[in-house]
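>>> need coordinates for the below:
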Amino acid sequence: QVQLVESGGGLVQAGGSLRLSCAASGRTFSMYTMGWFRQAPGKEREFVAAHNWSELSTYYPDSVKGRFTISRDNAKNTVFLQMNSLKPEDTAVYYCAATPSPLRATMTGPWQYNYWGQGTQVTVSS
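Down below sits the predicted model:
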């Protein structure tokens, strides 16, 4: 069982940066594939980033590639999402997610992740 708690959201101007954190509980956290998703009002939950336990494989959609970076600190059971050059269209609730399944490039669907945090709001003003 893994429990996830996100933090770090807030209000930022376009072009600014935020770093989200996701604190995880569970002895096997270091072996889990971790992902970030976001959901804007009236829209489906959207894949933002994912990486495997070794961070050797990382995936991003084109909408955030080059601006967002996922990383983790296994010693602190924490995964991060560094978001730079933020745009108003990045406004959403951001969710941390985890799965014990090995990371694959096709793991971009919310249904592929077993554990979820409660979400943190990110608002980017123009």
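>>> spatially central residue in this protein, please.
residue 36 (2.1 Å; Cα atoms, centre = their mean).
>>> identify the bridge partners of that residue.
For residue 36, the beta-bridge partners are residue 49, residue 96 (DSSP bridges).
>>> now the residue lying closest to residue 58 once chain neighbours are set aside: how far from residue 118?
Using Cβ to Cβ, 6 or more residues apart in numbering and skipping the chain neighbours, the partner closest in space to residue 58 is residue 51 (4.3 Å). C-betas here are computed from N, CA, C, even on glycine. Applying Cβ to Cβ, to the nearest Å, the value for residue 51 to residue 118 is 21 Å.
>>> neighbour count: the two, which is higher?
Using other Cβ atoms under 10 Å, the more surrounded residue of residue 51 and residue 118 is residue 51, with 21 against 10.
>>> quick one: that one and residue 43, what's the gap?
Separation of residue 51 from residue 43 (Cβ to Cβ): 24 Å.
>>> show me what contacts the closest residue to residue 86 other than its chain neighbours?
Leaving aside its chain neighbours, residue 86 sits nearest to residue 124 (4.6 Å; criterion: Cβ to Cβ, 6+ apart). Going by Cβ atoms under 8 Å, 6 or more residues apart in numbering, residue 124 touches 11, 12, 13, 14, 16, 86, 87, 88, 89, 90, 91.
>>> following element in sequence after the helix or strand in which the second one is found, please.
Under the assignment given by DSSP states H and E, the secondary-structure element containing residue 12 is strand 10-13. Heading C-terminal from strand 10-13, the first helix or strand you meet, by DSSP H and E, is strand 18-25.
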